[in-house]
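>>> Here is a sequence with its predicted model. Questions after.
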Amino acid sequence: MELTPADRALLAALEAGLPLVPRPFAALGEQLGLAEHEVLSRLAALRAAGVVNRAGLVVRHRELGYRANAMVVLDLPDAELEAAGRRLAREPAVSLCYARPRRPPLWPYNLFFMVHGPERLATLRVVHAILMRTGLETVPRAVLFSRRRFVQRAARYGTPAPELRQAAA
Amino acid sequence: MRNGHLDPIDRAIVAALQRGVPIVERPFAELAASLETTEEAIVARLARLIHTGAVGRFAPMLDAEKLGGAVILCAMAVPAERFEDVAARLAAMPEVAHNYERAHRFNMWFVLAVERPELIPATIARIEAETGLEVVDLPKLEEYRLELVLPV
């Protein structure tokens, strides 16, 4: 989808944060010289086109007590990938699940999923329970816990927004 | 801030709004009614939660591919003594969306986000040339779940 200049201005304003007032889209419109109904209809169109998946609170995992972020990687036979991915996707604790290519000999894993938890041991238990329930407990795997997140220079609109990039990761 | 600083109403607000704000004239009205409070009280709590850092701002989650762009996950095995230097180099590149240190031989995990898919190989080549390290590119082949909503 090609964005119009008005769409870009709207997304840029939204990226700075939704105004914290009872009628935020009216306030956004005031900043941009658009009527409230124009802001609402443009955003609805962007959402219908799939450009905007949601406009929600950016949740800070660490600040909310989710200190352990585990990336679990599995080396599955290709024929089993699809079914395993679908089983994992039904697990409520799994936040992201993707198939990715192996890069032998450096990287043997082809299925990735993410689990957030309060600390490592509890998160490992959750990971293990998920692997048992999905019948994947014997598949070769690694669990990579995050240690630090490096802050990037603020991204500006025009390139994709940070939230999206994180989602796609 | 720890989870304990959020009272039950704060948590209900965060849980409801991380999935997205309804695109309607008064997006907080329904939530206010369900919590037996006012829209003004909801936005005042939100302002406090954002101010204290419990949650970030409201932001749109965009689909890069629908906008013609591309994103890709990459990994590098960085020697410990060079880790900070390499992280700083990546932090200075606008194409690097975010970067995590993870406990593994492949200890640096970052996402490239570019405006056109053709820019990915050149961006990876530049990182390899600047760091002298091999970048393992791990594009998404299939997406089974994309759900960033956490229980609060």
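It's in. Numbers count the residues shown, from 1 in each chain, chains lettered A, B, ... in the order given.

>>> Chain neighbours aside, what residue packs nearest to A:S95?
A:M114 (4.8 Å; Cβ to Cβ, 6 or more residues apart in numbering or on different chains). Heads up, the C-betas are built off the backbone N, CA and C, glycines and all.

>>> Pairing partners for that neighbour in the sheet, please.
Residues in a beta bridge with A:M114, per DSSP bridges, are A:M71, A:L96.

>>> Tell me who's in contact with it.
A:N69, A:A70, A:M71, A:V72, A:V94, A:S95, A:L96, A:C97 (Cβ atoms under 8 Å, 6 or more residues apart in numbering or on different chains).

>>> Which helix or which strand is home to the closest residue to A:N53 other than its chain neighbours?
Nearest residue to A:N53, sequence neighbours excluded (Cβ to Cβ, 6+ apart): B:M61, at 4.5 Å. Per DSSP states H and E: B:M61 is located in strand B:55-62.

>>> What's the first helix or strand after that strand?
strand B:70-76.

>>> List the buried residues for that next one?
B:A70, B:V71, B:I72, B:L73, B:C74, B:A75, B:M76 (16 or more other Cβ atoms under 10 Å in any protein chain shown).

>>> So what's the predicted local confidence for the first one?
Spelled out, that is B:A70. If you check B:A70, the pLDDT there is 88.

>>> Just the element for B:I23, please.
Secondary structure from DSSP H and E places B:I23 outside every helix and strand.

>>> got the contact list for it?
Going by Cβ under 8 Å, 6+ apart, B:I23 touches A:F25, A:L40, A:L43, A:A44, A:R47, A:A55.

>>> in which helix or strand would I find the closest residue to it other than its chain neighbours?
Nearest non-adjacent residue to B:I23, counting by Cβ to Cβ, 6+ apart: A:L43, 4.9 Å away. Per DSSP H and E, A:L43 falls inside helix A:36-48.

>>> Which residues does that helix contact?
Contacts of helix A:36-48 (Cβ under 8 Å, 6+ apart): A:1, A:6-7, A:10-11, A:14, A:23, A:25-26, A:28-29, A:32, A:34, A:52-55, B:23-25.

>>> From these, keep the buried residues only.
Listed as buried from these are A:7, A:10-11, A:14, A:23, A:25-26, A:28-29, A:32, A:34, A:52-55, B:23; burial here means 16+ other Cβ under 10 Å.
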